[in-house]
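S.K.: I would like the atomic coordinates for the input below:
(2 chains)
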Amino acid sequence: DAGITQSPRHKVTETGTPVTLRCHQTENHRYMYWYRQDPGHGLRLIHYSYGVKDTDKGEVSDGYSVSRSKTEDFLLTLESATSSQTSVYFCAISSPGQGEVTLHFGNGTRLTVT
Amino acid sequence: AQRVTQPEKLLSVFKGAPVELKCNYSYSGSPELFWYVQYSRQRLQLLLRHISRESIKGFTADLNKGETSFHLKKPFAQEEDSAMYYCALRRDGATNKLIFGTGTLLAVQP
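M.R.: Predicted coordinates:
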């Protein structure tokens, strides 16, 4: 398995509180991603990063921000958590290849917003 | 806009039966298509990519540009194939973003 660690693995928080999820990689891969997984919606991209301090929005970025101050860490922050953000969050990494991209995923963080 | 459609939320088959997980996409360019799989209590992982034209664990998938489909097939299902399967698309060009479908849960009954 690719060296990807997500923390925490589980979190329960209250509506309106800020939450930060961490993704740590030991592969020195350039690209990192945050997805959320929801029944009926599959995996949806929240934000991604293509290098240190280089990030861009995905398809469901509202209510989320990210930061990448060093290659190995990609943080996802919910500024003010809402119940609609209850989900399983997956971090992924990839290196740009020759015509192919393989994503390697972390184990996920299950977030419950009450 | 790019879109990946997996019409079946659940596909239940008996062991030894053929399996076909459907995936259709909408994209006007030249896409790259992938199948990812998530077994119970395991990480999501790559199963197949159309560029490689490989067979993994007995599964194959052919890109049909005319029908904009990338269906996943296996002639004889095994119980260990039970998992959630996601079809994904990458646009041509420089982006490394993948767009995923909603997933199909394959349940192989003994």
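
S.K.: buried residues, stretch A:86-97. List them.
M.R.: For stretch A:86-97, a neighbour-count test (16 or more other C-beta atoms under 10 Å in any protein chain shown) marks A:86, A:87, A:88, A:89, A:90, A:91, A:92, A:93, A:94 as buried. For the C-beta atoms, the positions are set from N, CA and C on the backbone; glycine is no exception.

S.K.: in this structure residue B:89 contacts residue B:33, no?
M.R.: Yes - with contact defined as C-beta atoms under 8 Å, residue B:89 and residue B:33 form a contacting pair (5.8 Å).

S.K.: where in chain A is pLDDT low?
M.R.: A:1-2, A:96-100 (pLDDT under 70).

S.K.: go with 80
M.R.: A:1-2, A:95-101 (pLDDT under 80).

S.K.: check which strands are paired with the biggest strand by length in it and give the direction for each one.
M.R.: Longest strand of chain A, by residue count under DSSP state E: strand A:42-51. Take DSSP bridges as the rule and strand A:42-51 pairs in its sheet with strand A:31-38 (antiparallel), strand A:54-57 (antiparallel).

S.K.: out of those, flag the one nearest residue B:53.
M.R.: Smallest distance to residue B:53 across those (C-beta to C-beta): 24.6 Å, for strand A:31-38.

S.K.: buried ones in that closest one?
M.R.: Buried-residue list, strand A:31-38, by 16+ other C-beta under 10 Å: A:31, A:32, A:33, A:34, A:35, A:36, A:37.

S.K.: looking at the residues you listed, which one is closest to chain B?
M.R.: Proximity of the buried residues of strand A:31-38 to chain B (C-beta to the nearest C-beta) peaks at residue A:31, which lies at 5.0 Å.

S.K.: returning to what we had before: now the common contact residues for residue B:89 and residue B:33.
M.R.: residue B:25 (C-beta atoms under 8 Å, 6 or more residues apart in numbering or on different chains).

S.K.: among the buried residues of stretch A:86-97, which are located in strands?
M.R.: Using DSSP E, the buried residues of stretch A:86-97 in strands are A:87, A:88, A:89, A:90, A:91, A:92, A:93, A:94.
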